[in-house]
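*Asks:* just coords:
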């Protein structure tokens, strides 16, 4: 009886971890809003101190006020999910020369399903899915 309870508890913990970390690729599509209240410096450039909306499209493209337009790729593993953004833009729209960039970051979801694309986890900056 005690052995069965331990096996059940371990199975439940593993099941919750997999459920929490598994995110289907179709569930990424939609709009995300950031939680920035202060400007910070991270790749890809300065993130503004105002709300920004990131839109991920089904065809693997994205658009954002601060990052412009580009493509994204999602890679899922058992313990984490990562998104890689590739973009071409002028330096804040002021440069005639295009800037090519890549930015990879983690995506997490709570047990209740709220997805977050982390800009900087140390500073608690992220995009949270709203649609």
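*Replies:* That came through, no problem. This one's a predicted model, so the numbers in the text were calculated from it and none came from an experiment.

*Asks:* Mind checking what helix or strand follows the helix or strand bottoming out on mean pLDDT in the chain in sequence?
*Replies:* Lowest mean confidence among the helices and strands of the chain (mean pLDDT, DSSP states H and E): strand 45-47, at a mean of 52. The helix or strand immediately downstream of strand 45-47 is strand 53-56, counting by DSSP states H and E.

*Asks:* elements contacting that next one?
*Replies:* With contacts taken as 3 or more CB pairs under 8 Å, 6 or more residues apart in numbering; DSSP states H and E, strand 53-56 sits against strand 30-34, strand 61-64. (Each C-beta comes from the backbone N, C-alpha and C, glycine too.)

*Asks:* quick one, longest strand in the protein?
*Replies:* Determined from DSSP state E, the single longest strand within the chain is strand 98-109.

*Asks:* rewinding a little: which one of the helices and strands packed on strand 53-56 lies nearest to residue 112?
*Replies:* strand 30-34 (16.5 Å; CB to CB).

*Asks:* Please name the strands paired to that closest one in the sheet, noting orientation.
*Replies:* strand 53-56 (antiparallel), strand 125-129 (antiparallel) (DSSP bridges).

*Asks:* Let me have these in JSON lines, extended by distance to residue 82 and mean neighbour count.
*Replies:* Formatted as JSON lines, the strands paired with strand 30-34 follow (distance: least, CB to CB, whole Å; neighbours: other CB atoms under 10 Å):
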{"stretch": "strand 53-56", "distance to residue 82": "14", "mean neighbour count": "18"}
{"stretch": "strand 125-129", "distance to residue 82": "14", "mean neighbour count": "19"}
